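S.K.: let me see the structure of the following:
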Amino acid sequence: MSQLTIRKRRAWFWYRMLICIVVSAAVQYVSPWWSLIPVAMLIGFLTAPKNKSPFLAGFLAMFILWGAWSFYIDLQNDSILSERVIRLFPLPSNAISLIVLTGFLGGLINGFAMLTGDIFRRFFLLEEEKYYK
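M.R.: Residues are numbered from 1 along each chain as shown. As a prediction, this is how the structure comes out:
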């Protein structure tokens, strides 16, 4: 595999991740949290299989988005909400653990949704065999 092909695959990974962050942030600003699932499935369905990991692209995109968003919310209310939520769950008593957990859960949901969209495309659309080697 040539260096140019490897660079193109890496670029598509970052493009897919950036598209997912931007579109999910825009949709979730006006919709409920579960709206990320159809958005990620659609992005996974529409983007070409240039890389081998739509799950990783979706996971990292939502981990960054939800982690940053929950950190922003935590800063806005001086960690009052985080401290109250931490009392409900057996977590270490700092807000960072809750922010990481929030990003991890969002990443898992989005990663599986993007992988599902990619699998739907492979199932319903006939593609050239060279992508899957």
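
S.K.: only C-alpha atoms for contact and neighbour calcs from this point on.
M.R.: OK.

S.K.: buried set for the longest helix seen in the chain?
M.R.: For the chain, the helix that runs over the most residues, judged by DSSP state H, is helix 95-124. Within helix 95-124, the residues scored as buried using 16 or more other Cα atoms under 10 Å are 95-96, 98-119, 121.

S.K.: name the helices or strands packed onto that helix?
M.R.: Packed against helix 95-124 by the contact rule (3 or more Cα pairs under 8 Å, 6 or more residues apart in numbering; DSSP states H and E) you find helix 36-46, helix 54-76, helix 80-88.

S.K.: okay, the ones you listed in JSON lines with mean pLDDT, distance to Leu18 and mean neighbour count next?
M.R.: Compiled in JSON lines, these are given as follows (pLDDT from 0 to 100; distance: least, Cα to Cα, whole Å; neighbours: other Cα atoms under 10 Å):
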{"stretch": "helix 36-46", "mean pLDDT": "92", "distance to Leu18": "11", "mean neighbour count": "22"}
{"stretch": "helix 54-76", "mean pLDDT": "93", "distance to Leu18": "7", "mean neighbour count": "21"}
{"stretch": "helix 80-88", "mean pLDDT": "86", "distance to Leu18": "28", "mean neighbour count": "14"}
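
S.K.: tell me how many other residues crowd Ala26.
M.R.: Look at Ala26: counted by other Cα atoms under 10 Å, it has 11 neighbours.
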